[in-house]
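# Just to be clear, the model below is a prediction. Sequence and coordinates:
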Amino acid sequence: MRLSKTFIKTLREAPKDETAKNGAYLIRAGYVHKEMAGVYDYLPLGLRVIDNIKTIIREELNKIGCEELSLTTLQNPEPWEKSGRFEDQEVDIWFKTELSSGGLVGLAPTHEEPVTNLMRSYISSYKDLPVKVYQFQTKFRNELRAKSGLMRGREFLMKDLYSFHRTEEDLDAFYAEVEEAYRRIFERLGIGEVTFETFASGGIFTKYSHEFQTFLPVGEDTVYYNHDKSVVLNKEVYNDEVLKDLGATGEKFEETNAAEVGNIFKLKFKYSEPLELKYIDENNEQELVYMGCYGIGVSRLMGVIAEKFADDKGLVWPDTIAPYKYHLIGIGDKGMAEAEKFYTGREDVVLFDDRDKRPGEKFADAELMGLPLRIVISDRTLADNTAEITDRKTGKNWSVNLEELFEKF
Ligand code: ATP
Ligand code: MG
């Protein structure tokens with residue numbers, strides 16, 4: 001990407017109503033545009049971050065045998081009426097709209113009902129099970145408080161996975177595979193060391209569900225952890241009974257804030273029963289299908305990661321999801337010509353600041369945008385046949401020979 005050719009611009013200041021650090025930096029650095037509270041457009045850089053997050057999730061889910069599909073945003077009320085959730089407050093308040101032919105439709109806040117309903121057309125025999133399907137999809141929720149930037153949207157991107165099984169054992173085994181896949185995903189996203197599987201309420205036939213909580217001072221959740229963080233509990237289940245269950249009575253716990261980046265649930269028959277999703281077993285008996293559901297907040301992750309690693313100069317992206325690897329700055333005529341050569345053929349990994357601007361301004365923008373490595377080629381560095389590299393995270397800088405730069409970078 002050439003900064004001289006893109007329409008995006010960095011901003012000195014974020015809009016006054018954007019109080020969250022992640023939202024403010026993402027807007028200022030040109031990653032997103034704010035449409036209204038909790039509703040953001042992804043600009044080219046932001047979209048690349050979202051796509052990188054998706055790619056990591058997709059690779060890990062495909063590894064455990066999941067299939068990707070895409071369900072609709074417009075929702076037929078019927079399946080939701082069967083589960084009682086079309087009028088229910090359990091789902092964050094629906095956005096609903098009217099069809100020209102009459103009758104209401106909803107904008108999907110989640111997809112348990114439609115995917116269960118859809119599977120009625122494809123699952124009829126034990127031979128059809130298990131099924132594991134996921135999607136990346138825009139959800140709509142009329143959230144009361146949308147003040148956390150990308151971390152709480154009214155329109156947001158979720159990865160949702162649904163699994164369908166014959167037996168509880170098969171569901172349990174797959175659930176454990178998803179736990180492992182989630183660990184690998186958060187590891188690859190650069191937040192493995194600060195993200196913990198957490199006991200939470202909301203279990204259907206198990207006592208708990210599990211959340212994946214990233215420790216973060218501005219996170220909206222409160223969690224409790226013991227010294228080695230092997231037991232982490234959401235505040236909602238932090239009580240004597242649960243501590244006893246987990247063999248943690250008498251242990252010391254500390255409180256911290258965290259952001260929920262994912263969660264996993266064993267649903268059992270919660271939706272297959274009201275929606276009558278059944279299969280015929282070997283003995284010709286009809287049985288209900290066991291279900292599980294597994295979410296990850298894709299756009300929330302962009303906000304959480306921005307928030308977690310940003311410093312007072314701007315964003316700091318982990319290598320694995322940065323929109324480009326190198327932020328290339330050419331200074332002076334010769335410097336610019338050499339930078340131009342370096343850019344050619346590396347367009348997919350280099351953001352090239354080829355604008356006619358003062359070096360100071362280019363450096364400040366590089367820090368704001370937060371790409372892993374800054375490369376400066378100037379008339380001065382060319383005098384000793386080098387380029388200057390700066391690591392955004394550590395601030396360390398060093399020189400490399402031009403030959404080495406062209407060969408290794
Ligand atoms: P929360 O308690 O934060 O409202 P939730 O329990 O409503 O989350 P789910 O409905 O299970 O969340 O959604 C799955 C995942 O989607 C969550 O783990 C979270 O990462 C993400 N998510 C939920 N609501 C939002 C939102 N309003 N904006 C962005 N991401 C969200
Ligand atoms: Mg919610």
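The structure has been received and is ready for your questions. Ligands and ions are numbered 1, 2, ... in the order given.

# In the stretch 201-350 of the chain, what residue comes closest to ligand 1?
residue 297 (2.3 Å; C-beta to the nearest ligand atom). Yep, even glycine has a C-beta here, placed from its N, CA and C like the rest.

# from what I can see that residue touches residue 220, true?
No - at 11.6 Å, residue 297 does not count as touching residue 220 under the criterion of C-beta atoms under 8 Å.

# Mind listing the shared neighbours of these two?
Counting by C-beta atoms under 8 Å, 6 or more residues apart in numbering, the shared contacts of residue 297 and residue 220 are residue 260.

# same for the strand or helix carrying residue 114, what does it pack against?
Element membership of residue 114, judged by DSSP states H and E, is helix 112-119. Applying 3 or more C-beta pairs under 8 Å, 6 or more residues apart in numbering; DSSP states H and E, we find helix 112-119 packed against helix 77-83, strand 155-165, strand 290-297.

# Need these in TSV (columns: mean neighbour count and mean pLDDT).
As requested, the helices and strands packed on helix 112-119 are arranged in TSV below (neighbours: other C-beta atoms under 10 Å; pLDDT from 0 to 100):
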stretch	mean neighbour count	mean pLDDT
helix 77-83	18	95
strand 155-165	23	98
strand 290-297	24	98
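
# what's the angle from the helix holding residue 114 to strand 155-165?
On the basis of axes from the mean of the first three to the mean of the last three C-alpha atoms, to 10 degrees, helix 112-119 is oriented at 50 degrees to strand 155-165.

# OK, contacts around residue 132?
So residue 132 contacts 64, 65, 66, 67, 161, 162, 163, 164, 174 (C-beta under 8 Å, 6+ apart).

# With residue 392 instead?
316, 317, 327, 366, 367, 370, 371, 372, 373, 374.

# likewise residue 133?
Per C-beta under 8 Å, 6+ apart, neighbours of residue 133: 66, 67, 68, 69, 115, 161, 162.

# Please list only the buried members of those.
66, 115, 161, 162 (16 or more other C-beta atoms under 10 Å).

# contacting residues around the residue nearest the centre of the chain?
For the chain, the residue nearest the mean C-alpha position is residue 298 (2.4 Å; C-alpha atoms, centre = their mean). Counting by C-beta under 8 Å, 6+ apart, residue 298 touches 50, 53, 54, 57, 136, 156, 157, 158, 159.

# Okay, strands next: where are they in the stretch 301-409 of the chain?
326-331, 350-353, 373-378, 386-391, 397-401 (DSSP state E, counting those that start in this stretch).

# Need the contacts of residue 133 in TSV (columns: distance to residue 384).
Shown next, in TSV, are the contacts of residue 133 (distance: C-beta to C-beta, whole Å):
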residue	distance to residue 384
66	53
67	55
68	51
69	56
115	61
161	54
162	59
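
# Looking at the residues you listed, which is nearest residue 340?
If you rank the contacts of residue 133 by distance to residue 340 using C-beta to C-beta, residue 68 comes first, at 39.2 Å.

# right, and that closest one touches residue 135 too?
Yes - using C-beta under 8 Å, residue 68 is in contact with residue 135, at 6.5 Å.

# who in the stretch 1-150 of the chain is up against ligand 1?
Residues of the stretch 1-150 of the chain lying close to ligand 1 by C-beta under 6 Å from any ligand atom are 110, 141, 143.

# give me the low-pLDDT residue ranges for the stretch 1-150 of the chain?
Within the stretch 1-150 of the chain, the segments meeting pLDDT under 70 span 89-92.

# Can you show me the strands along it?
Under DSSP E, counting those that start in this stretch, the stretch 1-150 of the chain gives strands at 32-36, 39-42, 67-68, 74-75, 95-98, 104-107, 131-140.

# Going by the annotation, which residue ranges form each domain of the chain?
21-309, 326-408 (automatic domain parsing).

# Can I get those domains in a markdown table including distance to residue 4?
Output for those, formatted as a markdown table (distance: least, C-beta to C-beta, whole Å):
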| stretch | distance to residue 4 |
| --- | --- |
| domain 21-309 | 14 |
| domain 326-408 | 5 |
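
# closest to residue 124 among the contacts of residue 133?
Looking across the contacts of residue 133 and measuring by C-beta to C-beta, the closest to residue 124 is residue 115, at 16.2 Å.

# Which parts of this protein are helices?
21-28, 44-63, 77-83, 112-119, 168-188, 240-245, 298-309, 332-343, 359-369, 379-383, 402-408 (DSSP state H).

# Can you add distance to residue 195 and give the ones you listed back as JSON lines?
Formatted as JSON lines, these follow (distance: least, C-beta to C-beta, whole Å):
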{"stretch": "helix 21-28", "distance to residue 195": "16"}
{"stretch": "helix 44-63", "distance to residue 195": "13"}
{"stretch": "helix 77-83", "distance to residue 195": "31"}
{"stretch": "helix 112-119", "distance to residue 195": "24"}
{"stretch": "helix 168-188", "distance to residue 195": "4"}
{"stretch": "helix 240-245", "distance to residue 195": "21"}
{"stretch": "helix 298-309", "distance to residue 195": "9"}
{"stretch": "helix 332-343", "distance to residue 195": "36"}
{"stretch": "helix 359-369", "distance to residue 195": "24"}
{"stretch": "helix 379-383", "distance to residue 195": "39"}
{"stretch": "helix 402-408", "distance to residue 195": "32"}
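
# Of all those, which one is nearest residue 98?
Once the helices of the chain are compared by C-beta to C-beta, helix 77-83 is nearest, at 11.5 Å.

# in the protein, which strand has the most residues?
For the chain, the strand with the greatest residue count under DSSP state E is strand 254-268.

# Just the buried positions in it, please.
Of all the residues in strand 254-268, those buried under the rule 16+ other C-beta under 10 Å are 256, 258, 259, 260, 261, 262, 263, 264, 265, 266, 267, 268.
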